[in-house]
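>>> Need a 3D model of the following:
(one chain, ligands or ions: 2)
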Amino acid sequence: MPLSPDLMELLARARADLRMGVPVVMTGPDGAGALVMAAETGSPERLALMREMGAPDLAISARRAETLKARPYDGDLARVILPEDAGMTWVQGIADPADDLTRPMKGPLSSRREGDAALHRLAISLAKSARLLPAALVLPVPQPFALAGAEQLTLIDAVAAAPSLMVLANLDHVVSARVPLRAAENARLHIFRPEDGSEEHYAIEIGRPDRDAPVLARLHSACFTGDLLGSLKCDCGPQLNAALAMMGENGSGVLLYLNQEGRGIGLANKMRAYALQDQGFDTVEANHRLGFEDDERDFRLGAEILQRMGFSAVKLLTNNPGKIKIMERCGIDVVERVPLKVGENRFNEAYLATKMLKSGHLL
Ligand SMILES: Nc1nc2c(ncn2[C@@H]2O[C@H](COP(=O)(O)OP(=O)(O)OP(=O)(O)O)[C@@H](O)[C@H]2O)c(=O)[nH]1
Ligand SMILES: [Zn+2]
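Residues are numbered from 1 along each chain as shown. Ligands and ions are numbered 1, 2, ... in the order given. Next up is the predicted model:
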């Protein structure tokens, strides 16, 4: 293995750069290149430098474009042309819906039609996987290699990167140890670490489940507010505790704690979604206004961990048919769905109703 980072490692570096507001360079299909900076974290100084080099566009997802009435000529995204006098405040106002209602006149926005959007697409994907708002400034540059070298910027081969982002990274089983729980004294916590540098995921194994029989299982997505703070806005905390209690009573089970906070958009974006919910939007509309899909989670991860632990069949504790579908597709046999209806209260009534109505959650 050479000392220099491979593509997956460069992508991890690029995510860290974007989170800090450092631009990255991408090379495209025909030797074309672009300088990319996340809309959320970019600075006015760096935008001014980009403007000296040319005319950057702001790539936003089609979901965000829909709210802003910008034309998504590229299908899943729009390349918004920056007005002459637009600075970072304007850019962030387009990317972030926080004050859409107080300042509704953000347009009319013109979007670019000619040229290729592959680098813009990758820029949005990278911003998403860095758990930032899905929007990025993209400036075409004639000599991407020279620019990256001169400015010490991370250089990504976009042609190779785009398909690799769709592949689930290998998971390393780092360690496991006994952790007696209130719900089950015979529990072990396993730590899994993805090789692409993304968040670790955990498996809580209760008892010694037989690998040749269906195991009582739950795929739980992280919810800092519900799981830790006891937030009443969702049902996550009670679901977590009820699942562990059922596994304890059953004598065995496995709970995967997947670090996919906020249905995969990250805690900061989830709080942005909560602020929009205070403005009257429901949980799905809030995600869309931010530029995300309803659910950005990748449940292949859950199937992969179950398989790594030796399980091939589950009795799945869930109300989400999407989880069942992906398990089956990934080769995990869901022999039974065990409903998990707990924690309803007056603050989450509307949230749970929306999940049933719009996300197909089962009764
Ligand atoms: N984006 C967003 N995420 C939310 C909101 N409320 C809760 N979440 C997240 O939604 C996820 C809920 O996870 P789960 O309970 O595993 O999933 P589920 O789809 O409800 O399915 P089951 O509970 O298995 O029926 C967690 O990651 C929460 O952080 C919200 O209003 N917006
Ligand atoms: Zn929650």
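>>> excluding its backbone neighbours, what's nearest Pro321?
Gly360 (5.6 Å; CB to CB, 6 or more residues apart in numbering). Bear in mind the C-beta positions are built from the backbone N, C-alpha and C, glycine included.
>>> The one you found: how many residues sit nearby?
Neighbourhood size, Gly360 [other CB atoms under 10 Å]: 12.
>>> which residues sit in contact with it?
By CB atoms under 8 Å, 6 or more residues apart in numbering, the contact set of Gly360 is Asn320, Pro321, Gly322.
>>> In a markdown table, list the residues you listed along with neighbour count, distance to Ala12 and secondary structure.
As requested, the contacts of Gly360 are exported to a markdown table (neighbours: other CB atoms under 10 Å; distance: CB to CB, whole Å; DSSP: H, G, I helix; E, B strand; the rest coil):
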| residue | neighbour count | distance to Ala12 | secondary structure |
| --- | --- | --- | --- |
| Asn320 | 21 | 29 | coil |
| Pro321 | 13 | 33 | helix |
| Gly322 | 15 | 27 | helix |
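>>> Tabulate these (CSV), appending distance to ligand 2 and pLDDT.
Compiled in CSV, the contacts of Gly360 are given as follows (distance: CB to the ion, whole Å; pLDDT from 0 to 100):
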residue, distance to ligand 2, pLDDT
Asn320, 13, 95
Pro321, 19, 94
Gly322, 16, 94
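>>> Now flag whichever of these is closest to ligand 1.
Nearest to ligand 1, judged by CB to the nearest ligand atom, of the contacts of Gly360 is Asn320 at 3.4 Å.
>>> And the closest one, how far from Pro339?
From Asn320 across to Pro339, the span is 11 Å (CB to CB, to the nearest Å).
>>> what do those two both touch?
Here Asn320 and Pro339 have Leu362 as joint contacts, going by CB under 8 Å, 6+ apart.
>>> helices and strands around the helix or strand where Arg193 lies, which ones?
Taking DSSP states H and E as the criterion, Arg193 maps to strand 187-194. Here strand 187-194 touches strand 171-178, strand 201-206, going by 3 or more CB pairs under 8 Å, 6 or more residues apart in numbering; DSSP states H and E.
>>> possible to save the ones you listed as TSV with mean pLDDT?
Putting the helices and strands packed on strand 187-194 into TSV (pLDDT from 0 to 100) gives the following:
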stretch	mean pLDDT
strand 171-178	98
strand 201-206	98
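>>> looking at those, which is buried most?
strand 201-206 (a mean of 22; mean count of other CB atoms under 10 Å).
>>> From the rest of the structure, what touches that strand?
171, 176, 179, 181, 183-184, 186-192, 194, 244, 247-248, 250-259, 301, 305, 309.
>>> Kindly report the same for stretch 10-18.
Residues from elsewhere that reach stretch 10-18 (CB under 8 Å, 6+ apart): 5, 23-24, 36-38, 41, 126-127, 129-130, 132, 136, 153-156, 161, 164-165, 196-198.
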